[in-house]
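1. generate a structure from the sequence data that follows.
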Amino acid sequence: MNTIGERLKIVRGEHSQAVFSKRLGIPQSTLSNYESGRNKPDFDLIDKICCDFGVNVEWFLFGRGPMLKEQPGQEANSASTVVVEGTLTFAGMQAAIKVLEEELVKAKEAEKAALIEAKEAYKTAFEAARASLGNSKEHSDSSPPTDKGV
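-> Okay, the predicted model is just below:
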């Protein structure tokens, strides 16, 4: 990912710009300008994104290091990093599913079954986490990525 705008799209995941901009407290047009590279988010918004979604500041600003903040005892770039400071991060789960889908495309036949199983486990965990939150308006728009033909 070369730009903050591209990385912001990754953090947004499958959420619409309308839903995500509302969660950030900014107009949808502002989010669109950030994602397209016409404007850059200010420090306060970058801090909010990184804190609220468990995103590593260095990754968000420069594209270096793991996307998500590391927790003690976790490996860097681990696809299992879905909990940040005791909070489940949907962006982390969505990122893990996306990585598994990308790897599935490149995988040899023998590796595909294991990747499909891992992807399905993340999707099941995502759905269970979303269900455990009930009908909370804050999380009701969260959904796992689609299979996109995989």
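
2. do you know the pLDDT at the closest residue to I26 other than its chain neighbours?
-> Excluding the flanking residues, the one nearest I26 by CB to CB, 6 or more residues apart in numbering is L45, at 6.9 Å. From N, CA and C alone the C-beta is placed, and that goes for glycine too. For L45, the pLDDT comes out at 92.

3. make sure L45 is actually in contact with L24.
-> Yes: under the criterion of CB atoms under 8 Å, L45 lies in contact with L24, with a separation of 6.6 Å.

4. quick check: buried residues in the longest helix along the chain?
-> Of all the segments assigned as helix in the chain under DSSP state H, the longest by residue count is helix 109-132. Buried residues in helix 109-132, counting neighbours by 16 or more other CB atoms under 10 Å, are found at 115-116, 118-119, 122-123, 125-126, 129-130.

5. report the buried residues of stretch 3-20.
-> Within stretch 3-20, the residues scored as buried using 16+ other CB under 10 Å are 4-5, 7-15, 17, 20.

6. dump the residues you listed to CSV, plus distance to E58, pLDDT and secondary structure.
-> What follows is the buried residues of stretch 3-20, written out as CSV (distance: CB to CB, whole Å; pLDDT from 0 to 100; DSSP: H, G, I helix; E, B strand; the rest coil):
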residue, distance to E58, pLDDT, secondary structure
I4, 12, 90, helix
G5, 17, 92, helix
R7, 11, 90, helix
L8, 15, 93, helix
K9, 18, 91, helix
I10, 15, 90, helix
V11, 14, 90, helix
R12, 19, 89, helix
G13, 20, 86, coil
E14, 24, 84, coil
H15, 23, 86, coil
Q17, 25, 92, helix
F20, 22, 92, helix
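
7. out of those residues, which comes closest to Q28?
-> Closest to Q28 out of the buried residues of stretch 3-20 is Q17 (5.0 Å), distances taken as CB to CB.

8. residues in contact with the closest one?
-> 28, 31-32, 35 (CB atoms under 8 Å, 6 or more residues apart in numbering).
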